[in-house]
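Peer 1: Got a predicted structure here, sequence first:
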Amino acid sequence: MAQAALVISGFAGAAEHAVEGPAKTSWTMVAPLFRSLGDAERFTVATADGATLPVYALGGKAGGPGLLFGHANGFAAGSYGSWLRGFCTNARVFAFDARGHGGAEWPEGPLDRVFAVDRFADDLADVATAVVARLDGAPCHYAAHSLNAAAALRLAARGGTLPWPAMTLFEPPIFPLPEHPYYAAAVAQQTVLASRSFVRRAEWPSPEALVEVLVKRSAFAGIPAERLAEHCRSTLRPLPDGGYRLACPPEVEAAIFRDHRAADTWARLGQVAVPVHLVGGDPDRGEPGWITAVIADMAESLPSARLTRIEGTGHMMIFEQPAACRDLILDALQLLD
């Protein structure tokens, strides 16, 4: 069976969840209700295909504008919890766990269908509708990192009216066209990333054990220990008999990377009608990731876009330079008042 046809269910429903494919893995059901942002108000959004997405209301400025934030692949809303709370004096802040992540539940089916690029775009539309309904007519700004930044561009490129006048997107993984000079390098990098995700260790004795491993990896270098610990607590679900399991199964994380590589979103960027503020890493910091390398051309392909680069950062810029990234969103929120 091809990798793209792997089948895995979400964490709700039957007690055992089997993965079919080159390596079969048995997934024992974990706690049915997991909050990646445990101290926030939680409500859920049900999708047409049977997924259930937790949405967290962090509170904020009464009568103020809304801020909805979307997380990266393999992360969760809670990974950004302390950073997001910094917006509560300026806006009413919301974040959500995407399908396959955090406290979300999702239906059984082939991974290339359940976690298709358009599924994430559909989910974002559903979440946005639920959030805007709670704002009592106040305007909303959308900001996102990586996976859910790509979901926003996919949604916008499909046409229709978005519930926000502009977006701030931190390195959306929109794959360049085959004729792009960086296409081959992007394919190579993304292939390695998907392969490594697929064999990622799924079970851990504690969040602290995961921190000890991640702190040694270059992608997480420079991230303060307390922020890394927050991320690990938000992405590990407790098991009934002790220990923890990644809330985003390795097979799911890898499938998402593969599907975004195959998506045709770049060819549709000319259909994005709202202004987009793209935020990229520093191209002069070592060997840049493929998104950092192509994001200037991405901006050129959008009808109304500007690009800001955060000096000294890579793809994890929100964790590496949280104040600089926060300021960019605060500027956008001021335009809503």
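Peer 2: In hand now; what should we look at?
Peer 1: buried stuff in the longest strand along the chain?
Peer 2: Determined from DSSP state E, the single longest strand within the chain is strand 52-60. For strand 52-60, the neighbour count (16 or more other CB atoms under 10 Å) marks 52-58, 60 as buried. Where C-beta positions appear, they are placed from N, C-alpha and C, glycine not excepted.
Peer 1: What is the subsequent helix or strand relative to that strand?
Peer 2: Next helix or strand after strand 52-60 toward the C-terminus (DSSP states H and E): strand 66-70.
Peer 1: which secondary structure elements does that next one contact?
Peer 2: strand 92-96, helix 117-133, strand 140-145, helix 147-157 (3 or more CB pairs under 8 Å, 6 or more residues apart in numbering; DSSP states H and E).
Peer 1: out of the buried residues of strand 52-60, who's nearest residue 79?
Peer 2: Closest approach to residue 79 among those (CB to CB): residue 56, at 11.9 Å.
Peer 1: still on that earlier bit, report the distance from the longest strand of the chain to the chain centre.
Peer 2: The chain centre lies 15 Å from the centre of strand 52-60; the measure is CA atoms, centre = their mean, to the nearest Å.
Peer 1: That one relative to strand 92-96, how many degrees between them?
Peer 2: 160 degrees (axes from the mean of the first three to the mean of the last three CA atoms, to 10 degrees).
Peer 1: Check the model's average confidence along strand 52-60 for me.
Peer 2: For strand 52-60, mean pLDDT is 97.
Peer 1: What of stretch 149-158?
Peer 2: Stretch 149-158 comes out at a mean pLDDT of 97.
Peer 1: Distance to residue 197 added to the buried residues of strand 52-60, as CSV?
Peer 2: Shown next, in CSV, are the buried residues of strand 52-60 (distance: CB to CB, whole Å):
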residue, distance to residue 197
52, 23
53, 21
54, 22
55, 25
56, 25
57, 30
58, 29
60, 34
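Peer 1: OK, contacts around residue 53?
Peer 2: Counting by CB atoms under 8 Å, 6 or more residues apart in numbering, residue 53 touches 44-47, 96-99, 104, 123, 126-127.
Peer 1: actually residue 287, not the one I typed
Peer 2: Neighbour list for residue 287: empty [criterion: CB under 8 Å, 6+ apart].
Peer 1: May I have the secondary structure class of it?
Peer 2: Three-state assignment for residue 287 (DSSP: H, G, I helix; E, B strand; the rest coil): coil.
Peer 1: where along this structure do the strands fall?
Peer 2: Under DSSP E, the chain gives strands at 16-19, 25-28, 41-46, 52-60, 66-70, 92-96, 140-145, 167-170, 203-204, 236-238, 244-246, 276-280, 305-309.
Peer 1: Please dump those into JSON lines; it should also carry distance to residue 110 for every row.
Peer 2: Converted to JSON lines, the strands of the chain look like this (distance: least, CB to CB, whole Å):
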{"stretch": "strand 16-19", "distance to residue 110": "11"}
{"stretch": "strand 25-28", "distance to residue 110": "16"}
{"stretch": "strand 41-46", "distance to residue 110": "21"}
{"stretch": "strand 52-60", "distance to residue 110": "19"}
{"stretch": "strand 66-70", "distance to residue 110": "24"}
{"stretch": "strand 92-96", "distance to residue 110": "24"}
{"stretch": "strand 140-145", "distance to residue 110": "26"}
{"stretch": "strand 167-170", "distance to residue 110": "28"}
{"stretch": "strand 203-204", "distance to residue 110": "24"}
{"stretch": "strand 236-238", "distance to residue 110": "23"}
{"stretch": "strand 244-246", "distance to residue 110": "20"}
{"stretch": "strand 276-280", "distance to residue 110": "31"}
{"stretch": "strand 305-309", "distance to residue 110": "34"}
